[in-house]
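>>> Sequence and predicted structure are below.
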Amino acid sequence: MKIKVADIVGFSGQGIFSYCIKRITRSKWSHVGIVYAVQGDKIITAEALSNGFVLKEHKRKSLEKKQRKGRLKVRRIPGKIGQHKQVIEKYLKKKYGFLQIGLIAISLTFKKKLKGDKDKTFICSEAVAVIIKELTAGKIDIAKEYGTTQDFVYPDHIMQSKLLKDVK
């Protein structure tokens, strides 16, 4: 796997929370993160988890195994990316958007657009979409591509975006 900093990593989890996200969003993908650093066999991602938007260490072999099983996909922002660490660090420690997950579920279930919390908290896909937009000076706007707001971007939007490239 030729993973680089600022690559987007999509996960298709197998737990109950992942199952619910995939079911509600009618998607294969339940979680996304962005690569913060590659240090030999370690890949450090920035992800929105229950303890907030934080850095998480993964072993390359573990990610490669998930990729072979079709439970992980890597996407790349086209063009040159600089200053990714400063942009990511700006959002670290932001609280997790538990309420936002519920708002997305209600919105998709009842096909009614609700208002989000305007980035006071982050879910994984919202965090990654905001960072992608900032890294590309607004040239790649996942929310705009899908006709939604940042609060309502979910993992499948990022993993299916025509504005990002697949990495094998």
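Right, received. Where do you want to start?

>>> Stretch 28-44: end-to-end distance?
With C-alpha to C-alpha, to the nearest Å as the measure, stretch 28-44 spans 23 Å from end to end.

>>> So Ile44 is in contact with His58, correct?
Yes - with contact defined as C-beta atoms under 8 Å, Ile44 counts as touching His58 (7.5 Å). Every C-beta, even on glycine, is put in place using the N, C-alpha and C of the backbone.

>>> neighbour count winner among those two?
For Ile44 versus His58, neighbours defined as other C-beta atoms under 10 Å are more numerous around His58 (19 against 16).

>>> Direction included, what does the helix or strand containing the more buried one pair up with?
In the assignment (DSSP states H and E), His58 maps to strand 52-59. Paired with strand 52-59 in the same sheet, following DSSP bridges, are strand 42-49 (antiparallel).

>>> State the separation between the partner strand and the centre of the chain it belongs to.
10 Å (C-alpha atoms, centre = their mean, to the nearest Å).

>>> how close does the spatially most central residue of the chain sit to Ile16?
Computing the C-alpha centroid of the chain and ranking residues by C-alpha atoms, centre = their mean puts Val32 first, at 3.0 Å. From Val32 across to Ile16, the span is 19 Å (C-beta to C-beta, to the nearest Å).

>>> ok, and what's touching stretch 140-150?
Under the contact criterion C-beta atoms under 8 Å, 6 or more residues apart in numbering, stretch 140-150 has outside partners 77, 116, 119, 126, 129-130, 132-133, 152-153, 157-158, 161-164.

>>> residues of that stretch that come out buried?
140-143, 145-146, 148-150 (16 or more other C-beta atoms under 10 Å).
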